[in-house]
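Engineer: what's the 3D shape of this:
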Amino acid sequence: MLRRILKFVWRFITILGAVGLLGVLLPRIITSLYAINKIHQKEDAPGERLAIVFGAGLRRDGTPTPILRDRVETAANLYFSGKVEKLLMSGDNRFVEYNEPESMRQYALSLGVPDSAIVLDYAGRRTYDTCYRAKAIFGVESALLVTQKFHLPRALFICNALGLKASGVEAKNRQYWGGSLFIWNFREQLATVGAFLDVYVNNPVPVLGDSEPIFVD
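Structural biologist: Below is the predicted model:
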């Protein structure tokens, strides 16, 4: 009798584990398949009026991390090549001493991007917030999303699910260590599950404010 109970419990745990693993893996698989034809290199990216650049952390001295510099450099290249007219730089600024958008702006200016081509979103605390606010606050209907390939499927899924027609441009101006890529991809597995919950279940409303349309024509 005890053996039967233990066998049943083990089978139940195995099934539960398999379902849980599938629940973690499936969203990433779906978004990766969804994004296949929506990701471009900067050279063959379609033309859009706007590129959205996602924040990716700052160093202790307040300057962009290498991964964030990569994104800003790619966006600057899109601007210089005439692919886009403006850059929406979205990041976290919950604290006075931590200002991602301004740091991104300063780096873009150092690359030669004119200030008139830069728009800052100070409440892009996460990918969902950036996509939501781009449409709700800045009136963006379509855009190029600039970030690394591991992040693009989730960003594309969220923006398009929220009604912002988006294509992606991969930021890859530098090489990244295998260990870093593993950590980022592992994080994306969990973040993508959260993205599905946000889009289909939770429907959170981020910090909003007055409308600030980027293009008024």
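Engineer: who touches M89 in this structure?
Structural biologist: V53, G55, V72, A75, P101, M104, R105, A108, I118, V119, L120, D121 (Cβ atoms under 8 Å, 6 or more residues apart in numbering). All C-beta atoms are positioned from the backbone trio N, CA, C, and that covers glycine.
Engineer: quick one: low-confidence ranges for the protein?
Structural biologist: Low-confidence segments of the chain (pLDDT under 70): 1-25.
Engineer: Would you map the strands across it?
Structural biologist: Secondary structure of the chain, counting by DSSP state E: strands at 39-40, 50-54, 86-90, 118-121, 142-147, 165-170.
Engineer: what number of residues lie near Y132?
Structural biologist: Residues within reach of Y132, counting by other Cβ atoms under 10 Å, total 25.
Engineer: quick revisit: can you say which of the strands of the chain is nearest to R133?
Structural biologist: Of all those, strand 118-121 sits nearest to R133, with 5.8 Å by Cβ to Cβ.
Engineer: So what touches the closest one?
Structural biologist: By Cβ under 8 Å, 6+ apart, the list of residues contacting strand 118-121 reads 86-91, 101-102, 104-105, 108-109, 130, 133-134, 137-138, 214.
Engineer: got the contact list for Y176?
Structural biologist: Going by Cβ under 8 Å, 6+ apart, the list of residues near Y176 reads I67.
Engineer: do that again at 10 Å, thanks
Structural biologist: By Cβ atoms under 10 Å, 6 or more residues apart in numbering, the residues touching Y176 are P66, I67, D70, Q148, F150, W184.
Engineer: Number of residues surrounding E102?
Structural biologist: 16.
Engineer: Hmm, D115 and it touching each other?
Structural biologist: No - if you go by Cβ atoms under 10 Å, E102 and D115 don't touch, sitting 11.7 Å apart.
Engineer: sorry, back to before: as JSON lines, the strands of the chain with distance to V201 would be great.
Structural biologist: Formatted as JSON lines, these follow (distance: least, Cβ to Cβ, whole Å):
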{"stretch": "strand 39-40", "distance to V201": "26"}
{"stretch": "strand 50-54", "distance to V201": "23"}
{"stretch": "strand 86-90", "distance to V201": "24"}
{"stretch": "strand 118-121", "distance to V201": "25"}
{"stretch": "strand 142-147", "distance to V201": "23"}
{"stretch": "strand 165-170", "distance to V201": "22"}
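Engineer: picking up where we left off before, which of the contacts of strand 118-121 are buried, as a PyMOL select command?
Structural biologist: The PyMOL selection below is limited to those of those classed as buried (16 or more other Cβ atoms under 10 Å):
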select buried, resi 86+87+88+89+90+91+101+102+104+105+108+130+133+134+137+138+214
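Engineer: Now, the contacts of strand 118-121 that are in helices?
Structural biologist: P101, E102, M104, R105, A108, L109, T130, R133, A134 (DSSP state H).
Engineer: And those residues, which two are furthest apart?
Structural biologist: L109 and R133 (22.6 Å).
Engineer: tell me the two of the contacts of Y176 that are most distant?
Structural biologist: Farthest pair in the contacts of Y176, by Cβ to Cβ: P66 and F150, 14.5 Å.
Engineer: So these two - more neighbours on which side?
Structural biologist: With neighbours defined as other Cβ under 10 Å, P66 and F150 compare such that F150 has more, 17 against 13.
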